[in-house]
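Engineer: Below is the sequence, then the predicted model.
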Amino acid sequence: MQDVTPDLFVDAIIGYHKTAAMIAALDLGLFTAIAEGAGTATALAAKVGAAERGARILADYLTIQGFLTKGDGVYALTPSSATFLDKRSPAYLGSAPDFLSSPEFRALVFTDPAAVVRAGGSLGLGNIGPDDPIWIKFARAMAPLVTPTARAVATLVAAWPASPGKVLDIAAGHGIFGISIALAVPGAQVTALDWAGVLEVARANAGKFGVADRFHEIAGSAFEMDWGQGYDLILLPNFLHHFDPDANVGLLAKVRRALAPGGRAFAVDFVPNPDRVSPPRPAMFALTMLFSTPHGDAYPAAELDEMGRRAGFRGIVCMPLPPSPYTVVEFLV
């Protein structure tokens with residue numbers, strides 16, 4: 001029998017403490033300092049330039065939360081923290097809070113959450129213009145978080161019997177999905193579609209990874225711009241969840257028309273089970289869409305299948321990408 005306790009409620013009400021602790025730790029470089037040998041509260045305080053009391057309480061809290069271990073007064077990183085929170089790691093994710101915990105995002109959630117629920121959605125980021133700096137912040141902050149997923153998608157594509165020559169990355173943002181395809185498929189020409197300012201970030205990333213000569217751009221709205229035709233692969237990474245089913249049907253119909261004979265279309269998205277409460281990460285993502293978009297949602301596979309059929313596809317195939325929460329959804333021509 002489950003204990004009757006208010007703990008779950010209290011944890012939810014003060015959940016922002018965890019966010020604040022993580023932002024403080026990343027700003028101070030606490031995880032990197034511990035990785036470099038500053039294991040005690042005294043050494044850690046000196047290393048990060050903080051009061052010893054502050055360093056000790058923060059490190060203890062992060063230990064309780066599972067980000068650190070502590071034995072005989074010495075702190076150490078867990079394997080996950082060493083991989084993702086040490087600045088020296090190639091998988092460092094410390095930039096993600098610059099967008100996910102940004103003042104703009106926090107305002108969407110905390111200004112009047114009950115009003116958002118009453119309305120069934122928020123104007124949120126959908127009411128922010130294409131030239132707003134928040135989109136640049138998104139493109140710069142989120143690339144490390146999605147890189148493993150993008151590489152997994154590229155591995156799937158590289159295994160095709162016939163490699164794609166012409167690829168379109170819709171709402172490319174940082175460009176990492178298309179760039180990963182270009183790295184995995186040496187002959188692929190990738191076109192990134194997004195707002196002009198965001199494409200500057202994607203262009204810089206293409207140069208960083210050495211594929212600038214095969215990286216092209218279309219600046220503007222995916223719903224309004226002429227994409228051209230003859231694509232062997234069209235990518236829709238983290239995009240369909242921003243819109244209602246009717247908008248997605250229109251977009252998918254446009255995708256269908258832009259494919260070359262034998263071309264394929266991949267969405268990369270959070271796909272919850274039909275019960276909409278599992279698995280936890282994909283299912284909880286629906287709340288993010290409630291707070292930040294007018295009509296977005298985390299769509300179960302059956303709903304994505306229906307959208308695809310309405311747009312002229314034969315259906316979908318879902319390919320989960322563990323350990324990430326993402327699923328590749330292929331719309332079948």
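Structural biologist: Looks like it came in fine. Being a predicted model, the structure only gives us computed values, none of them experimental. Numbering: from 1, shown residues only.
Engineer: pLDDT value on Phe105, please?
Structural biologist: Per-residue confidence at Phe105 stands at 87 (pLDDT).
Engineer: My guess is it contacts Met142. True?
Structural biologist: No. At 11.7 Å, Phe105 and Met142 do not qualify as touching, with contact defined as C-beta atoms under 8 Å. Using the backbone N, CA and C atoms, a C-beta is placed for each residue, glycine as well.
Engineer: and Pro261, how many residues sit next to it?
Structural biologist: Look at Pro261: counted by other C-beta atoms under 10 Å, it has 7 neighbours.
Engineer: Provide the secondary structure category for it.
Structural biologist: Assigned state for Pro261: strand (three-state reduction, DSSP: H, G, I helix; E, B strand; the rest coil).
Engineer: For Asp232, see how far away it is.
Structural biologist: Counting by C-beta to C-beta, to the nearest Å, the separation of Pro261 from Asp232 is 10 Å.
Engineer: coming back round to it: report the set of residues contacting both of Phe105 and Met142.
Structural biologist: Counting by C-beta atoms under 8 Å, 6 or more residues apart in numbering, the residues touching both Phe105 and Met142 are Phe99.
Engineer: quick one: least confident helix or strand in the protein?
Structural biologist: Each helix and strand of the chain was given a mean pLDDT (mean pLDDT, DSSP states H and E); the minimum falls on helix 103-110 at a mean of 88.
Engineer: Name the residues of that one that come out as buried.
Structural biologist: Taking 16 or more other C-beta atoms under 10 Å as the basis for neighbour counts, the residues of helix 103-110 that come out buried are Glu104, Phe105, Leu108, Val109.
Engineer: give me every residue that touches the second one.
Structural biologist: Pointing back at Phe105 there. Phe99, Ser292.
Engineer: what about Ala139, how many neighbours?
Structural biologist: 25.
Engineer: cool, and the one 4 residues further on?
Structural biologist: Using other C-beta under 10 Å, Ala143 has 20 other residues around it.
Engineer: For it, give its distance to Tyr92.
Structural biologist: Relative to Tyr92, Ala143 is positioned 11 Å away (criterion: C-beta to C-beta).
Engineer: can you check Gly296 too?
Structural biologist: In this structure, Gly296 and Tyr92 are separated by 29 Å, where distance is defined by C-beta to C-beta.
Engineer: Could you do Leu240 as well?
Structural biologist: Leu240 is 29 Å from Tyr92, where distance means C-beta to C-beta.
Engineer: more crowded one of those two?
Structural biologist: Under the neighbour definition other C-beta under 10 Å, Leu240 and Tyr92 were set side by side, and Leu240 has more, 25 against 17.
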